[in-house]
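Chemist: sequence first, predicted coordinates after that:
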Amino acid sequence: MLPHLPLLASALLATSLPQSLRPAASGTPESVVLATPTQRELAGKELATFPWFQFTRSFNQGDTIRIAFDPKNDLGLAKRTVDVYVIEHEQLLAHLTGKKLKSVFGRPMTVKLDTEGVRDNTFVLDTGRLAATARRDAEGTYLIGKGYDVIVDVNTNAGLDAADFVDGSLAEAGFYVVEDFVSFDSPSSKATGPYAVTEVLFDGGSTFTQQNLYFPSAIAGLGKLPLIVVSHGNGHNY
């Protein structure tokens, strides 16, 4: 799932931050004070039946992205009017340390919440405008998507603080918008990605034989990559 922000505040700050918002590595000056907003999954897709909403980590470029609130669970949101900002994930640290909020869309989206659950408090966040242009990182590995965070400014002061909510953390983005990696290398190509692929049949013994492995032919020169396993069983429902 793409890039992360390696950061670390002081030991005192680390113990006061929610686990999911704690920085991950050294480098942040000890004098920097990080805001401690509440972390919530917000971005996702609307469902036609219960539970009415599916919180989602990745979207295809061009997809409609929605956000949902649950004032029945977060009672402090009931009957509140809040400002919603979408930021590039790389900007989260700056906002946690005091930078004024600014949405990638310019103005924030203002929504009025009621006292009901997610079914009555679902809103369109983006109609497919968010970009996900593929690019290479410092190690030359293709990043086929872009990370974004959602910030809910509950007290509408254009700052990220303890009163607010965030979908995202310093470890990873709230959601990613992903480019069509089947065709971005060449619109007329039927290739399934930006790399040449090596295929190997692996014999795992007397039971699991002829496992099919695919990996980039130049994998030795790439950075950290995800491992994807597709499995099935004899009569099992995987």
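Modeler: Thanks, I have it. Please read these numbers as outputs of a predicted model, since none were measured by experiment.
Chemist: could you pull out the helices for the chain?
Modeler: 11-16, 92-96 (DSSP state H).
Chemist: comparing those by mean pLDDT, which bottoms out?
Modeler: When these are compared by mean pLDDT, helix 11-16 comes last with a mean of 31.
Chemist: residue 132 versus the residue nearest to residue 133 when sequence neighbours are not counted, what's the distance?
Modeler: Of all residues not flanking residue 133 in the chain, residue 179 sits nearest, at 6.5 Å (C-beta to C-beta, 6 or more residues apart in numbering). Placement of C-beta: from N, CA and C, glycine included. In this structure, residue 179 and residue 132 are 4 Å apart, going by C-beta to C-beta, to the nearest Å.
Chemist: overlap in contacts of the two?
Modeler: When C-beta atoms under 8 Å, 6 or more residues apart in numbering defines a contact, the residues bordering residue 179 and residue 132 alike are 61, 144, 145.
Chemist: quick one: pLDDT of residue 236?
Modeler: Residue 236 carries a pLDDT value of 57.
Chemist: repeat for residue 23
Modeler: 47.
Chemist: report how many residues lie close to residue 201.
Modeler: By other C-beta atoms under 10 Å, 9 other residues sit near residue 201.
Chemist: name all residues that make contact with it.
Modeler: Residues in contact with residue 201 (C-beta under 8 Å, 6+ apart) are 210, 211, 212, 213.
Chemist: looking at this protein, which residue ends up farthest from its center?
Modeler: What lies farthest from the middle of the chain is residue 206; by C-alpha atoms, centre = their mean that is 40.7 Å.
Chemist: tell me the spacing between that one and residue 45.
Modeler: 43 Å.
Chemist: please name the nearest non-neighbouring residue to the residue most central in space within the chain.
Modeler: Centroid-nearest residue in the chain, with C-alpha atoms, centre = their mean: residue 175, separated by 2.3 Å. Spatial nearest neighbour of residue 175, excluding adjacent residues (C-beta to C-beta, 6+ apart): residue 43 at 4.4 Å.
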